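S.K.: Next input, structure requested:
(chains A, B and C)
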Amino acid sequence: MPELPEVETIARGLAQRVTGDVIESVWLGSKPEPLKSPAAEIAQTLQGARITGVRRLGKHIVVDLEPQGNSLKIVPGKTSRAKSKSVLATKAQKSAPAPKAQWIVHLGMTGQLLVCRSDAELAKHTHAIAKLASGRELRFVDPRRFGRLAVVRTDAGFATPGIEPLEIGLDDFAKLFRGRKTPIKSALLNQKLLRGVGNIYADEALFRAGVRPRRRASSLTRAELARLYESVKQVLREAITAGGSSISDYVDSNGDPGEFQMQHRVYGREGEPCLTCRTRIKRVVIAGRSSHYCPKCQK
DNA sequence: AGGTTGACCTGGACGC
DNA sequence: TGCGTCCAGGTCAACC
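M.R.: Residues are numbered from 1 along each chain as shown, chains lettered A, B, ... in the order given. A predicted model of the protein is given here:
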């Protein structure tokens, strides 16, 4: 479910609500799929850490952490309570400022990262809970288990390929598609090129640009690339303003749905009239993904 | 090497 | 009501 605007909405909400809070303890479910880092490493990194910020990188949520006792010398007795003699404690002792850490969350198709009261009912498919010093909890819920949790503790921090679509310039944007035989729709979904665009916004951007999803990426004219460039940015910005698109289970960190699904012009509108020319919207499958377009408005 | 397909999961919608 | 089928916002590994 979550593409760039949804992840951005969630990250902004979390930043507002949990920045400065401290993770007191962590519970991780028994299902191993969601964990990309070893459970012990995740627990150890999060426990006692102060949240210094939350942001989005592509479709990832990055929770910036200041490990426990960062500026202090950590002695084994101090980290005591849990699992950890901890690699963390050892490292912190050596280098005066302990390395910053990050908690990386990818929501997959159905993941949710929610802030709630600790007495709130536990949703089915809750895979992780971070208890906060403020008395609230940060919960990761994901029925389909396509989501992923990881921690990163390198100086460089979390990195992912691809360019942010809201930051790229037109020339670099055009370069991404040069010589690519793949359909433009698939190229837009390729996270190694642009990071954050997903199925809904690819379809919506192509409609606004007047380009059919099956067109080979390399066949787009400069004018079409320029229109697509603007369309991608426009549709993402509008969707962020609307708080994202809620098709079935997307909610922000507060549990509230987005509004942008009301403004979809082609996605999910198969058989309905084009809002511009009344032609029926078509749905085709491209590289396994359903793709919606107006056969008249898009060339 | 670039491009395409299927697998990974669960649950909701729909047809019979 | 119940069962089967299809579909879903994302990403990989495995193929061609």
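S.K.: Could you check how far A:R12 is from A:E33?
M.R.: 27 Å (Cβ to Cβ, to the nearest Å). (C-beta placed from N, C-alpha, C; glycine too.)
S.K.: actually A:D249, not the one I wrote
M.R.: 18 Å.
S.K.: for A:G147, same thing?
M.R.: 9 Å.
S.K.: who's more crowded, these two?
M.R.: Taking neighbours as other Cβ atoms under 10 Å, A:G147 and A:E33 compare with A:G147 leading, 25 against 15.
S.K.: wait, what's in contact with the residue lying closest to that one once chain neighbours are set aside?
M.R.: In space, and not counting its chain neighbours, A:G147 is closest to A:G111: 3.3 Å by Cβ to Cβ, 6 or more residues apart in numbering. A:G111 makes contacts with A:M1, A:P2, A:V105, A:F140, A:V141, A:D142, A:F146, A:G147, as judged by Cβ atoms under 8 Å, 6 or more residues apart in numbering.
S.K.: Show me the one in those that has more neighbours than the rest.
M.R.: A:P2 (30 neighbours).
S.K.: Let me see the contact set for that one.
M.R.: A:I10, A:K59, A:L107, A:G111, A:G198, A:G244, A:Y250.
S.K.: and the first one, what does it touch?
M.R.: Contact criterion Cβ under 8 Å, 6+ apart gives A:P2, A:R56, A:I61, A:L107, A:L113, A:D252, A:S253 as the residues in contact with A:I10.
S.K.: does it count as helix, strand or coil?
M.R.: helix (DSSP: H, G, I helix; E, B strand; the rest coil).
S.K.: where's it relative to A:A242, distance?
M.R.: Taking Cβ to Cβ, one finds A:I10 at 14 Å from A:A242.
S.K.: which residues are common contacts for those two?
M.R.: With Cβ under 8 Å, 6+ apart, A:I10 and A:A242 have no common neighbours.
S.K.: Find the nearest non-adjacent residue to A:L107, please.
M.R.: Per Cβ to Cβ, 6+ apart, closest to A:L107 is A:P2, 4.5 Å.
S.K.: try A:R212
M.R.: A:Q298 (4.5 Å).
S.K.: Which helix or strand contains the one you found?
M.R.: Using DSSP states H and E, A:Q298 falls within no helix or strand.
S.K.: I'd say it and A:R208 touch.
M.R.: No: here A:Q298 does not reach A:R208: they are 9.6 Å apart, not a contact under Cβ atoms under 8 Å.
S.K.: Run a quick neighbour tally on the closest residue to DNA strand C within the stretch 51-200 of chain A.
M.R.: Relative to DNA strand C, the nearest point of the stretch 51-200 of chain A is A:G198 (2.1 Å; Cβ to the nearest atom of the strand). For A:G198, the count of nearby residues is 21 (other Cβ under 10 Å).
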